[in-house]
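>>> Sequence plus predicted model, see below.
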Amino acid sequence: MEFDFPAFKKRFEHEQQMQGDLAQLVHGEIRRAEEVKAGLSEETGHAPEFVSEAINRIDTYVFQLQELAKQVNPLELDLDQQTNLKDHRVRDRIADRLERLKEQGEANASTEDPMLLRGPEEE
């Protein structure tokens with residue numbers, strides 16, 4: 001798994017044109033990323049800096065996927081994903097933090113995706 005959001009977004013747009021199951025596509029990608037994260041979390045005793053960086057990258061990727069999921073009918077997503085999307089205050093704080101990290105050149109999120117740069121007033 002590469003955690004390449006621009007590549008996933010292309011797959012998403014292709015599936016959208018083909019009228020595929022977008023909720024399942026996003027949900028499946030989130031679940032796979034979370035499974036990789038869970039596996040890495042067990043390895044914190046080995047190369048803790050690498051594991052920490054990898055987990056941060058996965059969290060950023062999952063956040064981007066969740067933002068993309070807002071384009072999908074939320075009722076098609078699992079309950080935990082629906083609940084997560086409703087927590088706007090926390091999501092806005094995460095987006096603000098990612099924006100500041102990008103400005104400092106420290107974020108590992110793709111700078112190609114404007115969805116991370118939206119402010120609360122644009123939602």
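Arrived safely, thanks for sending.
>>> residues of the longest helix seen in the chain that come out buried?
Counting by DSSP state H, the longest helix found in the chain is helix 48-69. Neighbour counts using 16 or more other CB atoms under 10 Å place 51, 54-55, 57-69 of helix 48-69 among the buried residues. Quick note: C-beta positions are derived from backbone N, CA and C, even for glycine.
>>> Does Thr44 touch Val51 like I think?
Yes. Thr44 is within contact range of Val51, at 5.1 Å (criterion: CB atoms under 8 Å).
>>> what ranges do the strands span in the protein?
Applying DSSP state E to the chain gives no strands.
>>> Which of the helices and strands in it ranks last by mean pLDDT?
Within the chain, no helix or strand scores below helix 79-86, which has a mean of 66 by mean pLDDT, DSSP states H and E.
>>> low pLDDT regions in the chain?
Confidence mapping of the chain against pLDDT under 70 gives the ranges 73-91, 101-102, 104-123.
>>> for it, what spans make up the helices?
Ranges of helices in the chain, per DSSP H, are 5-17, 22-41, 48-69, 79-86, 88-104.
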